[in-house]
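Enquirer: Need a 3D model of the sequence below.
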Amino acid sequence: MGDKWDEAKILEQANFMADKEKTIKKGENVLHIDYLGGLLSNDDLIEFEVELKKIGVELSSYDKTGVQYNSLDELTGVVRQILSSGVTHDILIGVVGSAVWEGLCKVWTLTYKKLKGKQITKFSAGGHTTIKDATMSIVLKLNPTTSIEYNLRGDFENEGEALETFRKILENAKSLPINEMPRRPFVAEANFDSKSVEIIDEEKFFQDKIAKQKENEKTVKVKKKANKKKKK
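Expert: Predicted coordinates:
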């Protein structure tokens, strides 16, 4: 009985994953969106698809709802938009006109505005929950060995203001060194408020995070000790 139940659960999970993967497309002319169903609707995806067709780019999507992910951290967007290397390469060397880049920027601007003010609940080991903003990042694949993930921050009043920051992203991507061997993506922060792009030193980022956690733990211990003395 137990074995049959296990087989049924395995089959159910396999069908669940197969259904999710039906919306994934592969190719050199694709913008892929990883998202959570509660953040973007089917109507949103149709809107993006219509805009992308105008510039000859296909939409691929994957709803991460119900799938375990280890990447919901500060250096990765909750919603990630990944541009294939073929489109990225053509944009960087100027094979395609600025209309393609601006069309992509329109989709990214639309997505960012739809996510504004939305949050998710992140579950971690030990049953702890954390409320996290529905952040967004753009991944540009420069070639098979080199890519960069731009985490979007801040706000803008109109599409024109957003384009200024997206231009900075394009300039930054053009200046990146190409890796000889595959490695994890470079990580950067693109800020709409300051219209700036800055590469993040991941090692320093996590060192600072650990140091901050230790400092917080130390502060909690001092407060507990002080409270015990007061009670005496």
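
Enquirer: C-alpha only now, for contacts and for neighbours.
Expert: Fine.

Enquirer: tell me what whichever strand or helix holds Glu198 is packed against?
Expert: Under the criterion of DSSP states H and E, Glu198 resides in strand 196-199. Judged by 3 or more Cα pairs under 8 Å, 6 or more residues apart in numbering; DSSP states H and E, strand 196-199 is in contact with helix 159-175, strand 186-191.

Enquirer: Between the ones you listed, which one is closest to Gly77.
Expert: strand 186-191 (10.7 Å; Cα to Cα).

Enquirer: rewinding a little: Asp201 is nearest to which of the helices and strands packed on strand 196-199?
Expert: The nearest among those, by Cα to Cα, is strand 186-191 at 7.9 Å.

Enquirer: which other helices and strands contact the closest one?
Expert: Short answer (3+ Cα pairs under 8 Å, 6+ apart): strand 186-191 packs on strand 146-153, helix 159-175, strand 196-199.

Enquirer: gap between it and the chain center?
Expert: Between the centre of strand 186-191 and the centre of its chain there are 11 Å (Cα atoms, centre = their mean, to the nearest Å).

Enquirer: now do stretch 44-64
Expert: With Cα atoms, centre = their mean, you get 16 Å for stretch 44-64.

Enquirer: Report the separation between the two terminal residues of it.
Expert: 16 Å (Cα to Cα, to the nearest Å).

Enquirer: what's the answer for stretch 80-94, then?
Expert: 25 Å.

Enquirer: Quick one: mean pLDDT over that stretch.
Expert: For stretch 80-94, mean pLDDT is 92.

Enquirer: got the buried residues for it?
Expert: Across stretch 80-94, burial judged by 16 or more other Cα atoms under 10 Å covers 80-89, 91-92.

Enquirer: who touches that stretch?
Expert: 27-35, 96-98, 100-101, 108, 136-144, 170, 173-174 (Cα atoms under 8 Å, 6 or more residues apart in numbering).

Enquirer: do the same with stretch 38-51
Expert: Contacts for stretch 38-51 (Cα under 8 Å, 6+ apart): 58-59, 103, 106-107, 114-115, 118, 134.

Enquirer: So which bits of it are buried?
Expert: 39, 45, 48-49, 51.

Enquirer: quick check, distance from that stretch to the centre of its chain.
Expert: Per Cα atoms, centre = their mean, the centroid offset for stretch 38-51 relative to its chain is 16 Å.
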